[in-house]
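1. Sequence and predicted structure are below.
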Amino acid sequence: MDNRRVIGSWLSGPRAAAEEMGADFGYRGERLGLPEAGPGSVAPLGRRFGALFVDWSLCMLIAYGLITRGDWNAAGNWALGVLFVLGVLTVGTIGCTPGKRLLGLRVIAEDGQRLGFGRAIVRTALLCLAIPALIWDRDGRGLHDRLARAVQVRMM
């Protein structure tokens, strides 16, 4: 008996096992009508985490330098508030935070339009809770994007 095939499917995950049995999931963003690659396609996970890292670093610097005046212990709490304000204002107006802009990403509504302030508030509040952002659907969207009916796409 050869157990390598069983172990391989277990290590590859349930999606690989389902695809091996004939299930067709398509590419990420296909159900949303987005292209498979290039501008307008679903943003890769690495870039999204990179953008969040840039935004969090910027918020920590703002909180450390302008709000807490050098108190690192309090800066983390204030940085979360700064991240909320930054996310609502920038995503609600131009569609991207400074980190997303730097890495060539933007947030749009599922229909391709600008997200708007109401949905930007919902999305950013859920992002600040962290847990919804760590739960993804098969299109690679976090729960915060899904509940706000938003999608992060590549600009270039």
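-> Yes, it's here.

2. where does G140 land in three-state SS?
-> coil (DSSP: H, G, I helix; E, B strand; the rest coil).

3. Isn't it up against Y27?
-> No. In this structure, G140 is not within contact of Y27 by CB atoms under 8 Å, at 9.9 Å. Heads up, the C-betas are built off the backbone N, CA and C, glycines and all.

4. who's in contact with the closest residue to G142 other than its chain neighbours?
-> Distances taken as CB to CB, 6 or more residues apart in numbering place A133 nearest to G142, at 4.4 Å, with adjacent residues excluded. Residues in contact with A133, defined by CB atoms under 8 Å, 6 or more residues apart in numbering, are 126-127, 142-144.

5. do you know how far A133 is from A125?
-> To A125, A133 is 11 Å away according to CB to CB, to the nearest Å.

6. And for V107?
-> Using CB to CB, we find V107 at a distance of 14 Å from A125.

7. Between those two, which is the more surrounded one?
-> V107 (26 against 16; other CB atoms under 10 Å).

8. The more buried one and G38: what is the separation?
-> V107 is 18 Å from G38, by CB to CB.

9. At the geometric centre of the chain, which residue sits there?
-> Closest to where the C-alpha atoms of the chain average out (CA atoms, centre = their mean) is R48, at 5.2 Å.

10. Just the element for it, please.
-> Assessed by DSSP states H and E, R48 sits inside helix 45-62.

11. who are the neighbours of the helix or strand that comes right after that helix, in terms of helices and strands?
-> For helix 45-62, the following helix or strand on the C-terminal side (DSSP H and E) is helix 72-93. Contact analysis of helix 72-93 by 3 or more CB pairs under 8 Å, 6 or more residues apart in numbering; DSSP states H and E lists helix 45-62, helix 117-129 as its packing neighbours.

12. which helices and strands sit right next to the helix or strand just after the last one?
-> In other words, helix 117-129. Counting by DSSP H and E, the element after helix 117-129 in chain order, helix or strand, is helix 143-147. Where contact means 3+ CB pairs under 8 Å, 6+ apart, helix 143-147 is packed against helix 117-129.

13. Contacts for the helix it packs on, please.
-> Here helix 117-129 has contacts from 80, 83-84, 87-88, 91-92, 107, 109, 115, 132-133, 142-145, 147-150, using CB under 8 Å, 6+ apart.

14. repeat that with 6 Å
-> Contacting residues not belonging to helix 117-129 are listed as 80, 84, 87-88, 91-92, 132-133, 144, 148, 150 [CB atoms under 6 Å, 6 or more residues apart in numbering].

15. Having no further points to raise, I will conclude here.
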